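A.B. asks: structural data only, the sequence is not supplied:
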């Protein structure tokens, strides 16, 4: 007999070799039906796994996060089995579970498109109804290669396995190389949906074959699947690329160049307002705003060290008049030179230099994503030059600025990640131990004082200093790094930066890199997806749409209203098109304009205006002065 320790601490004795599913049934038949897999000493195993020795035993229910990964991995195998039935000769790459589902890569004779997904799903449902038992066994590598001799991708995977034996999962006419675990049979995989088709290089290498990747998702219940599909539809509606086009925010054209956004009038207004917002915040905190060129001498980046470590991500250098120039990927070197141009006293520190700066990085074509990831972007960047004794105060002020900005924009779902050096491998980090330890302890203390939710990432610090990243969860489910604070002990050394300390001696400052909005382009993308394109009134490119019912009788009043709005810096448009009133109103709704003002006989006679706010049905009648005051307040207080 062997002893199993259950999660409540009790001991159950069973015969050696008893299957996990048998233990589950002995504990509770109803519990067994709800179990997806089991855990032995914390390791996930199939329910058909024989238990050979004493262990801690736990059942994993279908409604758990761990089970979600298992059922999606099993559904990837279900998809592969259907593909091999429908497309004879199909070769199978890999089919992992991912955060919200699974995918599988196939080498298929022919083309598979989204139009084929319904047919593939139908075959998968047949296999589910067959309720095929899923079984695991081990083969020697030579035997496994013989079994999969007609699938070059599987043979390559087998060759990469270091162990002598290879795990095989088999379900009737389908087998796969896999570590598992998997569900007990195909019959439990009822709630799935295939989502999309894409191309993918085998093993992520552009030199390899392009395979057909099919994405899908599988859930424990039909209700959970339905909810997830609704979430996916909402994400499509929030996609910043779709909204950017619909609202006239930005555009791309291959004739200009891939990854090079052009900001349309509405987009430029949003960009200008965001720039004014953050620069006002910075001005109140004593920042000095500067403007530096978007390119620099290659020697500048050799001095900073970026040329050795970053040149592959930069655009090629340009040789002009015996000098070599390059479009800059970041702004720090320019700011270092600017600081060095004058002698500074400790009384001037911390000295804060800030810029909304144009940067350029040669991103791979496949990585370009709307304005979220581009080759030309603008960065809300700053460099703070301070004494080592000021690091804690500077860090606290910048962190508080981040919190204030997030509060202004209503961001709530975010976490701070504090990246620290690896204490077991200190030699790879620049600077002395005392400075690192002091800085890391001060950063921890600041975060605790501010009550910030953070976690530590040991060994993730840059070699030149610890850093703080803010991971914000977007409305479409992405983790986006918006803000960063980075301590830097190296650039002051490379540029030989100095200040005169209290004793009249030359001393080395510390540099704090910080970005609050980060890339302005990425921030706008994030805002579009967070708000679904419904900007707060102060940030809306068009705040009011004036719609006269009849141009002959109502245009004069509309013109006077437009003049009043312009004098009060209210952003508006007038719709003088010869279209039906209902069409004009729907157009304004599609443009997500905060206020619509329909001008008819009543408004002309009374001198009042009637407005309807976006997303609301109610209409409100006020004086022109009252409406103007409402929008002026929204602009001044950024409401």
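C.D. replies: Perfect, thanks for sending it. Computed from a predicted model, the values in this text were never measured in an experiment.
A.B. asks: who are the contact partners of residue 189?
C.D. replies: Shown in contact with residue 189 (Cβ atoms under 8 Å, 6 or more residues apart in numbering): 71, 74-75, 78, 124, 128, 183, 218. Where C-beta positions appear, they are placed from N, C-alpha and C, glycine not excepted.
A.B. asks: try residue 450
C.D. replies: 396, 399-400, 403.
A.B. asks: which among those residues count as buried?
C.D. replies: 396, 399, 403 (16 or more other Cβ atoms under 10 Å).
A.B. asks: is residue 335 in a helix, a strand, or coil?
C.D. replies: Secondary structure state of residue 335, per DSSP: H, G, I helix; E, B strand; the rest coil, is helix.
A.B. asks: do I have it right that it meets residue 289?
C.D. replies: No: using Cβ atoms under 8 Å as the test, residue 335 is too far from residue 289 to be in contact (11.6 Å).
A.B. asks: quick revisit: any chance of TSV for the contacts of residue 189, columns distance to residue 574, pLDDT and neighbour count?
C.D. replies: Listed next are those as TSV, based on distance: Cβ to Cβ, whole Å; pLDDT from 0 to 100; neighbours: other Cβ atoms under 10 Å:
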residue	distance to residue 574	pLDDT	neighbour count
71	56	97	25
74	59	97	30
75	55	98	30
78	58	98	30
124	55	98	25
128	59	97	20
183	62	97	25
218	52	98	28
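A.B. asks: so which of those residues is the closest to residue 41?
C.D. replies: Closest approach between the contacts of residue 189 and residue 41, by Cβ to Cβ: residue 183, at 21.1 Å.
A.B. asks: that closest one belongs to a helix?
C.D. replies: No: looking at residue 183 with three-state DSSP, it is coil, so not inside a helix.
A.B. asks: grab the nearest non-local neighbour of it.
C.D. replies: Nearest-residue entry for residue 183: residue 74, 4.6 Å, with adjacent residues in sequence omitted and distances by Cβ to Cβ, 6 or more residues apart in numbering.
A.B. asks: wait, what's in contact with the one you found?
C.D. replies: The contact partners of residue 74, by Cβ under 8 Å, 6+ apart, come to 134, 182-183, 186, 189, 218.
A.B. asks: residue ranges with poor pLDDT in the stretch 1-150 of the chain?
C.D. replies: Applying pLDDT under 70 to the stretch 1-150 of the chain flags no residue at all.
A.B. asks: please enumerate the strands of it.
C.D. replies: Assigned by DSSP state E, counting those that start in this stretch, the stretch 1-150 of the chain shows strands spanning 2-5, 11-14, 18-19, 35-40, 43-45, 50-51, 55-61, 91-92, 97-98, 101-107, 135-140.
A.B. asks: so which of these comes closest to residue 235?
C.D. replies: Among the strands of the stretch 1-150 of the chain, strand 101-107 sits nearest to residue 235 (Cβ to Cβ), with 13.3 Å.
A.B. asks: quickly run through the sheet partners of that closest one, with directions.
C.D. replies: strand 91-92 (antiparallel), strand 97-98 (antiparallel), strand 210-219 (antiparallel) (DSSP bridges).
A.B. asks: just those: most buried one?
C.D. replies: Among the strands paired with strand 101-107, strand 91-92 has the highest mean neighbour count (mean count of other Cβ atoms under 10 Å), at a mean of 24.
A.B. asks: now stretch 269-279: buried residues?
C.D. replies: 269-271, 273-274, 277-279.
A.B. asks: quick one: low-confidence residue ranges for the protein.
C.D. replies: In the chain (pLDDT under 70), the answer is 431.
A.B. asks: okay, now the domains of it?
C.D. replies: With domains defined by automatic domain parsing, the chain comprises 2-61, 66-238, 251-292+331-531, 537-636.
A.B. asks: distance of residue 139 from residue 163?
C.D. replies: Per Cβ to Cβ, to the nearest Å, residue 139 is found 11 Å from residue 163.
A.B. asks: which one of the domains of the chain lies nearest to residue 317?
C.D. replies: Of these, the one closest to residue 317 (Cβ to Cβ) turns out to be domain 251-292+331-531, at 11.8 Å.
A.B. asks: now the end-to-end length of the closest one.
C.D. replies: In domain 251-292+331-531, first residue to last residue: 20 Å (Cα to Cα, to the nearest Å).
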